[in-house]
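>>> Coordinates for the following, if possible.
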Amino acid sequence: MENVNNQTIKKEFYHPIMDIYPSLKNQRECKSFSDLEYLKMGIGRTIMAVSSGRDWVQQYQMNENSKVSVGDFFDALKSPRRMAMIEEAAQKICLKVNESTKSNHDPFYCFPEMKKFAVYATDGHSNKASAHDPLIKDKKRACAHIYSLNLRTHSMTHLTHCQPNEGKKKKHEIMALKELDSSILRMNERTGIKVIHAYDPAIVDYAAWRKWKNTKGIYIITIEKANSALEAMSVDLADREDPVNIGVISDQLVGSPSSGEALRRIEYEDPATGNVYKFITNEMTLRAGIIAYCYKMRWDIEKTFDETETKLLEDKEWGKSAVAKRQHGCFVSMGHNLMLLLERTIEETDGIIDQKSLDKQIKRKIDDIQKALQNNREPNYLIRTFHRVTQRSLQFIRWLRVVLINQEPRTVSIGKLKPYMEAFIE
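The predicted structure is shown next:
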């Protein structure tokens, strides 16, 4: 990569795409509308504030002096071959985020037992139907996408979307997950690594859990449903002397006649709020407090969805076909990952971090500690000692939108960013 001060932020932002593009097996030479231009155009649409595909194409034509048409863009969005190329690119960009992650970004780094675990927050997120989506039972239906957020690196992956079967109003997330090849839920982790997915109770299907665990080393952590029939099969196994288990009320083996195997129920009281949670998992080796911590960190994916929907304004489908929807999900994940890579490059090169957001997070954690102490509960040190920005601030995104168009020298753009990362705009 050339000297960063001799380029623009736009070149820096898209550099990872330029780096991986020659290695994409599914890319082809298309003179009228190249795959590389399409990649950049799709990612650009996730970043810029636009109201529709036509709005974006017009902005792109004017800003890039391009002859690409509305038809060109939407034809590419329907192309299965381009979809394969986009999915391949999304995987490679995700890998770049993982490789760029340092220990201070990883909330599990200081726990030796976590060296052989990858931890993901996985969840569904719905978009409004596109303008051309067909009616299903007299109404346009939202489309749910399922994403995974790597809780160690914060990279985002689009797994699938819940396309309803003909005549059905919706498809449940667990059905979409069970239709995936189990290897997809391995998240490309290397052999010997156990993969944990922290999911809301929509994931409950004990037969699927058993299959994923026994065939692929995939484990689930979720909240026990109110109507659960699981019964205790052991005494409390929690180690009260271990500081990692602060807040743990009990740790028991549980089961039901229908499940066919023992699971684990961990009852945990949040020191700040006093709320009690019952976690269910098929992971039997990690300390109870770490299981609770994994689920606590699942909140990061909700913050990422907030970034996508309310800050990037990606709340509506781009097209009606399954191919278009899969591409859209991949473009959203690449937009998130490229912003994260840019933010980390700026931190390393210029020493600029989102201090205002960190200060806000630290203040919230101090408040939680005070609440716990006021109610005679011991604060959980796992939560209070780790600080990480969980989403890009709106001020950063506004700045990025401007500098991607202006293409001014990098030093000028960075000078404009710094005050917006130090304090909230007044």
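
>>> My guess is K325 contacts G319. True?
Yes - in this structure, K325 is within contact of G319 by CB atoms under 8 Å, at 6.9 Å. Quick note: C-beta positions are derived from backbone N, CA and C, even for glycine.

>>> next SSE after the longest helix seen in the chain?
The single longest helix within the chain, with elements called by DSSP state H, is helix 322-350. If you walk from helix 322-350 toward the C-terminus, the next helix or strand you reach (DSSP states H and E) is helix 355-374.

>>> which other residues reach that following helix?
Helix 355-374 is touched from outside by 271-273, 378-380, 383-384, 387, 389-390, 393, 421-424, with contacts defined as CB atoms under 8 Å, 6 or more residues apart in numbering.

>>> residues in contact with A288?
With contacts taken as CB under 8 Å, 6+ apart, A288 has the following neighbours: L237, A238, D239, N245, V248, D251, I266, Y268.

>>> make it 10 Å
236-239, 242, 244-245, 247-252, 264-268, 279, 281 (CB atoms under 10 Å, 6 or more residues apart in numbering).

>>> Then F111?
Contacts were defined as CB under 10 Å, 6+ apart; by that measure F111 touches F117, V244, L286, R287, G289, I290, Y293, L382.

>>> So the last one is in contact with I291, correct?
No - under the criterion of CB atoms under 10 Å, L382 is not in contact with I291, lying 11.2 Å apart.

>>> ok, which stretches of the stretch 51-200 of the chain are strands?
Assigned by DSSP state E, counting those that start in this stretch, the stretch 51-200 of the chain shows strands spanning 117-127, 143-150, 156-161, 194-198.

>>> Take those and write them to CSV, including mean neighbour count and mean pLDDT.
Supplementary listing: the strands of the stretch 51-200 of the chain in CSV, determined by neighbours: other CB atoms under 10 Å; pLDDT from 0 to 100:
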stretch, mean neighbour count, mean pLDDT
strand 117-127, 23, 97
strand 143-150, 24, 96
strand 156-161, 23, 97
strand 194-198, 24, 98
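
>>> Out of these, which is closest to N26?
Nearest to N26 among those is strand 156-161; the distance by CB to CB comes to 16.3 Å.

>>> Can you tell me the strand partners of the closest one and which way each runs?
Using DSSP bridges, the strands paired with strand 156-161 are strand 143-150 (antiparallel).

>>> tell me the angle of the partner strand relative to strand 194-198?
If you take axes from the mean of the first three to the mean of the last three CA atoms, to 10 degrees, strand 143-150 sits at 130 degrees to strand 194-198.

>>> what's the spacing between strand 143-150 and its chain's center?
What separates the centre of strand 143-150 from the centre of its chain is 7 Å, taken as CA atoms, centre = their mean, to the nearest Å.

>>> could you give the angle of that strand to helix 322-350?
Interaxial angle, strand 143-150 versus helix 322-350 (the same axes, to 10 degrees): 30 degrees.

>>> Dump strand 143-150 to CSV, restricted to CA.
Output for strand 143-150, consisting of C-alpha atoms alone and laid out as CSV, is shown next (Å, rounded to 0.1, in the frame of the first residue of the first chain):
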residue,chain,number,x,y,z
CYS,A,143,-37.6,-10.1,4.6
ALA,A,144,-35.5,-11.3,7.6
HIS,A,145,-31.7,-11.6,7.0
ILE,A,146,-29.6,-13.7,9.4
TYR,A,147,-26.2,-12.2,10.2
SER,A,148,-23.3,-13.3,12.5
LEU,A,149,-21.0,-10.9,14.3
ASN,A,150,-17.7,-12.3,15.4
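
>>> just to revisit the earlier point, list residues touching both of L382 and I291?
With contacts taken as CB under 10 Å, 6+ apart, L382 and I291 have N245 as neighbours in common.

>>> Sort out which one of the contacts of F111 lies nearest Y38 for me.
Each of the contacts of F111 was checked against Y38 using CB to CB; the closest is F117, at 36.8 Å.

>>> Identify the residues contacting the closest one.
108, 111, 152, 189, 193-196, 219, 283, 285-286, 290, 294.

>>> Mind listing the residues bridging to it?
Per DSSP bridges, the residues bridged to F117 are K194.

>>> if we can go back for a sec, mind giving me the PyMOL command for buried ones among the contacts of A288?
Selecting only the buried members of those in PyMOL, with burial defined as 16 or more other CB atoms under 10 Å, works like this:
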select buried, resi 238+244+245+247+248+251+252+264+265+266+267+268+279+281
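
>>> So which of the contacts of A288 belong to strands?
With strands taken from DSSP state E, the overlap with the contacts of A288 comprises V248, I249, S250, D251, Q252, R264, R265, I266, E267, Y268, F279, T281.

>>> returning to that earlier point: include distance to M18 when you put the strands of the stretch 51-200 of the chain into JSON lines, please.
Rendered in JSON lines, the data for the strands of the stretch 51-200 of the chain read as follows (distance: least, CB to CB, whole Å):
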{"stretch": "strand 117-127", "distance to M18": "28"}
{"stretch": "strand 143-150", "distance to M18": "23"}
{"stretch": "strand 156-161", "distance to M18": "20"}
{"stretch": "strand 194-198", "distance to M18": "31"}
